[in-house]
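Asker: Coordinates for the following, if possible.
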Amino acid sequence: MKERENLGSRLGFILLSAGCAIGLGNVWRFPYITGQYGGGFFVLIYLCFLCLMGIPIITMEYAVGRASHRSIYPAFKTLEKPGTKWHIWGWFAMAGNYVLLMYYSVISGWILYYLWLLLSGTFDGATTEKVQSVFDGMMGSPAILVGFMLLVVLMTMLICSAGLQQSVEKITKVMMIALILIMIALAIFSLMLPGGAPGLSFYLKPNLQNMENAGFGQVVYAALNQSFFTLSIGMGGMEIFGSYIDKKRSLLGEATLVAALDTFVALTAGLIIFPACFAYGIDVDAGPSLIFVTLPRVFSGMQGGRIVGSLFFLFLYFAALSTMIGVFENIVSFAVDLRGTSRKKSALVNGLILMISSIPCALGFNVWSSFQPLRAGNTIMDLEDFYVSNIALPVGSFIFILFCTLTQGWGYRNYLKEVNTGDGAKIAGENKLIHIYFRVILPILTGFLVFYGIATYF
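Answerer: Prediction:
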């Protein structure tokens with residue numbers, strides 16, 4: 001195998017890991033799910049699951065990556081005991097990475113298209129009907145959806161082909177810093193809007209009635225599922241960056257920093273969206289259309305709306321592209337580790353595969369809209385999202401937990417030794433309660449997520 005590349009700095013590692021986690025799950029999915037599931041209580045439950053489950057599983061991915069210095073398939077093969085077959089999950093995990101990018105690239109294309117529309121003034125003074133017609137026109141146009149998807153994949157492919165430190169790390173650093181600065185500016189602007197205070201209250205103040213209206217079980221499950229989706233855990237997204245770092249720092253502190261940055265972006269997205277929606281009398285439970293139909297209506301009636309809207313979709317695109325880069329880096333490294341091929345060749349081949357395999361998702365909204373998998377009203381994107389959200393992420397997390405805690409896997413002691421190596425916060429793994437939590441409670445909670453998600457979907 002080729003000599004493994006390494007990241008140039010700790011900051012690069014933190015921002016790359018956060019960039020992989022920070023994406024549409026934070027700035028698109030989190031706000032609209034929060035609106036659908038009652039606001040404050042959903043946020044509170046989500047934060048609890050993030051601490052109780054998200055951070056421990058990130059440390060497991062990091063530990064497997066750092067101990068093996070390989071991507072997910074060869075990592076399991078390196079660390080597993082002779083005769084065991086944990087590495088088989090590596091193929092399903094990589095399939096999950098491909099499937100995620102197959103629809104993520106399409107949505108990222110929507111965002112890039114809307115950025116161009118905002119910059120060109122398309123929504124200046126636009127009526128509700130015009131905003132809706134623009135969205136419908138985009139979804140009905142194979143040329144727009146496929147064209148902008150190809151542009152997004154091309155950017156991702158070029159960045160990842162140019163090298164880990166010189167391209168992936170440097171560009172992600174700039175994007176993440178710019179994303180955070182833009183979000184802070186937009187949040188301050190939104191919080192100062194007249195009439196926005198009720199939106200802030202809805203968002204941050206727990207309201208039992210809102211939770212009962214949404215359904216207690218659904219709120220808990222949605223919060224649990226979001227904590228997995230937002231961190232991209234279970235498919236090797238964090239594991240690959242763990243394979244690029246040294247042993248100077250313990251992994252609990254690094255995982256906590258990444259989760260905190262991811263959470264900061266998600267919460268700040270809510271601070272931008274909810275006060276603005278309440279200030280302009282817009283429903284916050286609009287679902288997925290919140291970003292592409294609801295918010296352009298807000299920007300169209302806002303003084304300086306073109307600038308504010310353009311900045312909003314710019315940070316949204318940075319968030320989407322950072323995840324594209326992070327997940328595509330996992331795919332590129334997988335081929336490099338497995339085949340010994342060059343980074344450039346791996347990026348080119350996988351980029352072309354992704355361009356072709358993403359086309360069905362784009363056509364699923366127009367030319368192939370009659371194909372409705374799983375249940376009536378579904379699109380090809382729904383099928384792809386079902387595999388990622390309900391199978392690849394939770395099942396992958398379940399397997400990481402078992403691998404790191406069972407003696408038949410890598411083993412709890414090996415995991416603890418790796419995760420606690422270096423300066424920084426440690427996991428008190430010898431504590432009996434923590435031991436029971438990692439080996440019993442954590443697998444049960446993750447297994448529940450798998451079975452409940454599949455059962456309730458149908």
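Asker: The helix or strand containing Ile55: what's the following helix or strand?
Answerer: In this assignment (DSSP states H and E), Ile55 forms part of helix 55-68. Counting by DSSP H and E, the next helix or strand C-terminal to helix 55-68 is helix 72-79.
Asker: What is the distance between the helix or strand just after that following helix and the centre of its chain?
Answerer: Sequence order places helix 89-119 as the next helix or strand after helix 72-79, per DSSP H and E. Put simply, helix 89-119 sits 10 Å off its chain's centre (Cα atoms, centre = their mean, to the nearest Å).
Asker: can you state the direction angle for helix 89-119 and helix 72-79?
Answerer: In terms of direction (axes from the mean of the first three to the mean of the last three Cα atoms, to 10 degrees), helix 89-119 departs from helix 72-79 by 150 degrees.
Asker: circling back to that earlier point, who does the helix holding Ile55 touch, helix- and strand-wise?
Answerer: In terms of contacts (3 or more Cβ pairs under 8 Å, 6 or more residues apart in numbering; DSSP states H and E), helix 55-68 is packed against helix 72-79, helix 237-242, helix 251-279, helix 393-405, helix 412-419, helix 442-457. Glycine gets a C-beta too; all of them are placed from N, C-alpha and C.
Asker: since we're on the nearest residue to Ile273 once chain neighbours are set aside, how many residues are nearby?
Answerer: The shortest distance from Ile273 to any non-neighbouring residue, by Cβ to Cβ, 6 or more residues apart in numbering, is to Pro31 (4.6 Å). Residues within reach of Pro31, counting by other Cβ atoms under 10 Å, total 24.
Asker: do the one 5 residues further on as well
Answerer: Counted by other Cβ under 10 Å, the residues lying close to Gln36 total 19.
Asker: Buried residues in the longest helix seen in the chain, which are they?
Answerer: The longest helix of the chain (DSSP state H) is helix 305-339. Buried residues in helix 305-339, defined by neighbour count with 16 or more other Cβ atoms under 10 Å: 305-306, 308-338.
Asker: do the same with stretch 36-49
Answerer: 36-43, 45-47, 49.
Asker: that older thread, what residues sit buried inside the helix or strand just after the longest helix of the chain?
Answerer: Later in the chain than helix 305-339, the nearest helix or strand by DSSP H and E is helix 343-357. When burial is assessed from 16+ other Cβ under 10 Å, helix 343-357 yields the following buried residues: 343, 346-351, 354-355, 357.
Asker: related to what we said a few turns ago, report the angle between the longest helix of the chain and helix 89-119.
Answerer: Using the same axes, to 10 degrees: helix 305-339 against helix 89-119 is 160 degrees.
Asker: Give me the average confidence score over helix 305-339.
Answerer: Mean pLDDT, helix 305-339: 87.
Asker: what do you get for stretch 132-150?
Answerer: 95.
Asker: Start and end of it, how far apart?
Answerer: 24 Å (Cα to Cα, to the nearest Å).
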